[in-house]
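Enquirer: Structure of the sequence below:
(one chain, ligands or ions: 1)
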Amino acid sequence: MRKAFKVEFLPFRSTHSFARGTNLLDAIRKAGLPLKSTCGGKGTCGECLVRIEGGEARIRTSAALPEEVRRLGYALACQTEIEEDLTVELPRFEEQSIRTVAGSRFFEEHRDRISGVFEVNPVVRKIQVSVPAATLSDNSSDLRRLQRQIHKEKGLRCLQAEHRVLKKLAAAVREKEGEVTAILVKTGPGWTLVDLQPNPPSKNLCGLACDIGTTTVVCEIADLEDGRVLSTTTGFNQQLRCGEDVISRIDYARRPGRLQELQTLAVQTINALAEKSCREAGISSDDIYYVSVAGNTTMTHLLLGLDPRFIREEPYIPTMNLVPMVKASDLGLNVNPEARVHCAPAVGSYVGGDITAGLLSTPILRDAEKTSLFIDAGTNGELVIGNRDWLATCACSAGPAFEGGGTKCGLPAIEGAIEAVTISKSGDLAYRVIGGGKPKGLCGSGLVDLLAGLFVHGYLDRSGKLDQERAGKRLVRNGEGTGFLVEKAPRSYWGRDLILTEKDITNLIRTKGAIFSACALLLKNIGLTFDQLDAVYIAGGFGQHLDVDNAIRIGLLPDLDREKFHYLGNTSLSGAYLVLLSEKNRELVNAIAGKMTYIELNAEPGYMNEYTGSLFLPHTDIGLFPSVKKFLRPGKRLDD
Ligand code: FES
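Expert: Predicted structure coming up:
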């Protein structure tokens, strides 16, 4: 038998045993801990960097791990094998830095204007009733007497009871003179009894809202009696090891056993976050009776263990759009086994529940007069245009660049990510790091700022090429090509230079180009122009702040009056939260899906032209960006 060694993972303080020779990345996955691994363990992306704090490991050399970084004690987890007891530090992944709409100022100020109803009237109820004792003249069964009492005292028709509850029913109605607390879940026209507790109830009544993104997953625990958010946690989707985007995960799922693996990883991700959320909220996972999930169509399929193959094959058909409620225990979620799971419905293969739920936390559906644009720039870019009376939607493959994927220096909006950058005319660069300290990388808002700053100050030309002369000392050339030095090794968290490579710039430009061209084409399709938009709501994992001016300068957003823009952050999570709180919202989100017209952009003849025009800063048609055009004179920089 191979000898087992103990590995302690910091900062989680979690220790696990592994056999000699276990790959460290596999060990981290088995421990259920988050670590980015975009290349799937090939040793090329450099994203699985960890620090070996104690013990020796066998570390293979890799182009993605410079010798000087290795000497400082760093290793690529995928290229490392466990040889003895180890202490390993993983990048810290703090949750509070992801902006969520619920609890934000926008949410507070617009509570009455957001499309979802802000009310606490969930599909789960905790009610106290007094069940009369059986007598010879009332010899109804225990369940019948309880059902009758629930109807009499609370007006609810309780039609069914779960087997697990029936097992404790006889004892419960005979203790404490029949005073019981019943937990009911609305299932169809009636209610189902899912738990029974003695009075006073020992348990809380909580729900879990979950935004299951391709890159990041966010869980929020809410008290279902007063709507308070008790805790929020964020982590990488553990499926990242199987591919960075939905297409690669769908391909991964084709081989035997892989679909099950992806389903397990989705559940493990949620379970790990839910466990942490429960700890922080001071509740038991058994107190969670309702789970509201919002995710794109592929993520929803994978969570439910449904074959996603036909999502990527013409004519791109999902198994279903409207998802029936499932039991948490059927999925393997570590919450109350009788908890019900609602997944926000999809509109099609590439417009999923994250968008239908996301719309709930915007004011779009409230107004018949105004026409608004909703942009969700996640791993996939999704757009919706419309108002209360009509909604048109489309998706584009934007890529995860603004969520921290696909770029060497990109990070989700986590602690240690640079969230804002300014570059002065003289070339001084200043930045703000989420949570302070040394930077680990840049999140979406930081990347937008950096790209805009480089463009405005003449470091980049309109095609995104670095002006090597202007970059001066900040120009870096290494095995990965040319790049712009954001921070030197000693001042970066990982002890290696933080560089925005030209390849990163190309990826960012492709991403912003895909989003902008999809907006333009969707508008064209419905006979509107940008200036006819009354409002633009932006969602996505950019970070806490998105500088709209900078987003316009790089051509990500249309050049409109700045007051039309509202950056909302993670609307998918907020939508899931609104569904958690209110039965009306559950119905509303289902209705939204039925109302949206899906436009397949790939089938549009003008798509390639639009896209190609958007692959410049800000665009080949500079007339679309008057506020940028007035600065762009031949031979001049924007800051001249
Ligand atoms: Fe290890 Fe990419 S370098 S996962």
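
Enquirer: Indicate the residue of the stretch 351-500 of the chain located nearest to the ligand.
Expert: The nearest approach of the stretch 351-500 of the chain to the ligand comes at Lys408, 11.1 Å away (CB to the nearest ligand atom). Every C-beta, even on glycine, is put in place using the N, C-alpha and C of the backbone.

Enquirer: hang on, isn't that residue packed against Glu502?
Expert: No. Assessed by CB atoms under 8 Å, Lys408 is found out of contact with Glu502, at 10.5 Å.

Enquirer: Quick check: the closest residue to Gly613 other than its chain neighbours vs Pro558, distance?
Expert: The shortest distance from Gly613 to any non-neighbouring residue, by CB to CB, 6 or more residues apart in numbering, is to Thr620 (4.3 Å). Remark: distance between Thr620 and Pro558 (CB to CB, to the nearest Å) = 15 Å.

Enquirer: Also Leu580?
Expert: From Leu580 over to Pro558 the distance is 33 Å, taken as CB to CB.

Enquirer: where does this structure come near the ligand, residue by residue?
Expert: Within reach of the ligand by CB under 6 Å from any ligand atom, the chain has these residues: 37-39, 41-48, 64, 76, 78.

Enquirer: Contacts only, for Arg157.
Expert: 151, 189-191 (CB atoms under 8 Å, 6 or more residues apart in numbering).

Enquirer: Which members of those residues occur in strands, if any?
Expert: Residues of the contacts of Arg157 located in strands (DSSP state E): 190-191.

Enquirer: looking at the contacts of Arg157, which has the most residues close by?
Expert: Using other CB atoms under 10 Å as the neighbour test, these are led by Trp191, with 26 neighbours.

Enquirer: Could you report the neighbour count for Ala430?
Expert: The number of residues packed near Ala430 is 10, by other CB under 10 Å.

Enquirer: so where's the stretch 251-400 of the chain shaky on pLDDT?
Expert: 379 (pLDDT under 70).

Enquirer: how about the helices in it?
Expert: Counting by DSSP state H, counting those that start in this stretch, the stretch 251-400 of the chain has helices at residues 258-281, 297-304, 328-331, 353-360.

Enquirer: tell me the most buried of these?
Expert: helix 353-360 (a mean of 32; mean count of other CB atoms under 10 Å).

Enquirer: Can you name every helix or strand that that one contacts?
Expert: strand 288-295, helix 297-304, strand 372-377, strand 381-386, helix 571-581, helix 583-595 (3 or more CB pairs under 8 Å, 6 or more residues apart in numbering; DSSP states H and E).

Enquirer: what comes into contact with the third one?
Expert: For strand 372-377, the external contacting residues (CB under 8 Å, 6+ apart) are 354-355, 358-359, 362-364, 381-387, 398, 402, 444, 511, 515, 519, 523, 533-540, 542, 556-557, 571-572.

Enquirer: Are any of those buried, and if so which?
Expert: With neighbours counted by 16 or more other CB atoms under 10 Å, these contain buried members at 354-355, 358-359, 362-364, 381-387, 398, 402, 444, 511, 515, 519, 523, 533, 535-540, 542, 556-557, 571-572.

Enquirer: Report how many residues lie close to Glu89.
Expert: Neighbour count for Glu89, taken as other CB under 10 Å: 17.

Enquirer: Contacts only, for it.
Expert: 9-11, 50-51, 53.

Enquirer: Relative to the whole chain's centre, how far out is stretch 605-624?
Expert: Put simply, stretch 605-624 sits 28 Å off its chain's centre (CA atoms, centre = their mean, to the nearest Å).

Enquirer: So for Thr620 and Pro558, which residue has more residues nearby?
Expert: For Thr620 versus Pro558, neighbours defined as other CB under 10 Å are more numerous around Pro558 (24 against 15).

Enquirer: pretty sure the more buried one is in a strand, no?
Expert: No. Secondary structure of Pro558 (DSSP: H, G, I helix; E, B strand; the rest coil): coil, not part of a strand.

Enquirer: Now do the same for Glu610: its pLDDT.
Expert: With respect to pLDDT, Glu610 scores 89.

Enquirer: same deal with Tyr577?
Expert: pLDDT at Tyr577 comes out at 93.

Enquirer: Was I right to think it contacts Arg228?
Expert: No. In this structure, Tyr577 is not within contact of Arg228 by CB under 8 Å, at 11.0 Å.

Enquirer: Surely Ala27 forms part of a strand?
Expert: No. Looking at Ala27 with three-state DSSP, it is helix, so not inside a strand.

Enquirer: can you pull the contacts of the residue nearest to it when sequence neighbours are not counted?
Expert: Closest residue in space to Ala27, ignoring its immediate chain neighbours: Phe18 at 4.8 Å, by CB to CB, 6+ apart. Contacts for Phe18 (CB under 8 Å, 6+ apart) come out as 4-5, 7, 27, 30, 82.

Enquirer: would you list every one of the strands in the stretch 101-250 of the chain?
Expert: Using DSSP state E, counting those that start in this stretch, the strands of the stretch 101-250 of the chain run over 124-130, 158-161, 179-187, 190-198, 206-212, 216-223, 229-236.

Enquirer: Give me the sheet partners of the fifth one and which way each runs.
Expert: It stands for strand 206-212. Using DSSP bridges, the strands paired with strand 206-212 are strand 216-223 (antiparallel), strand 288-295 (parallel).

Enquirer: Need the residue closest to the centroid of the chain.
Expert: Gly213 (3.7 Å; CA atoms, centre = their mean).

Enquirer: and that one, what is it in contact with?
Expert: Applying CB under 8 Å, 6+ apart to Gly213 gives the contacts 237, 295-296, 299, 354, 378-379, 403, 541, 572.

Enquirer: which among those gets closest to Gln268?
Expert: Among the contacts of Gly213, Asn237 lies closest to Gln268 (CB to CB), at 10.0 Å.

Enquirer: Skipping adjacent residues, who's closest to Gly623 in space?
Expert: Per CB to CB, 6+ apart, closest to Gly623 is Lys629, 6.8 Å.

Enquirer: Tell me how many other residues surround that neighbour.
Expert: Count around Lys629 with other CB under 10 Å applied: 14.

Enquirer: circling back to that earlier point, Validate this expectation: the residue nearest to Gly613 resides in a helix.
Expert: No. Checked against three-state DSSP, Thr620 lies outside a helix; its state is coil.

Enquirer: before we move on, the earlier item: ok, so what distance separates the residue nearest to Gly623 from Ser517?
Expert: With distances taken as CB to CB, Lys629 is found 19 Å from Ser517.

Enquirer: what does Arg113 give?
Expert: Relative to Ser517, and taking CB to CB, Arg113 is found at 30 Å.

Enquirer: Looking at these two, which has the bigger crowd around it?
Expert: Applying other CB under 10 Å to Arg113 and Ser517 shows that Ser517 carries more neighbours, namely 25 against 12.
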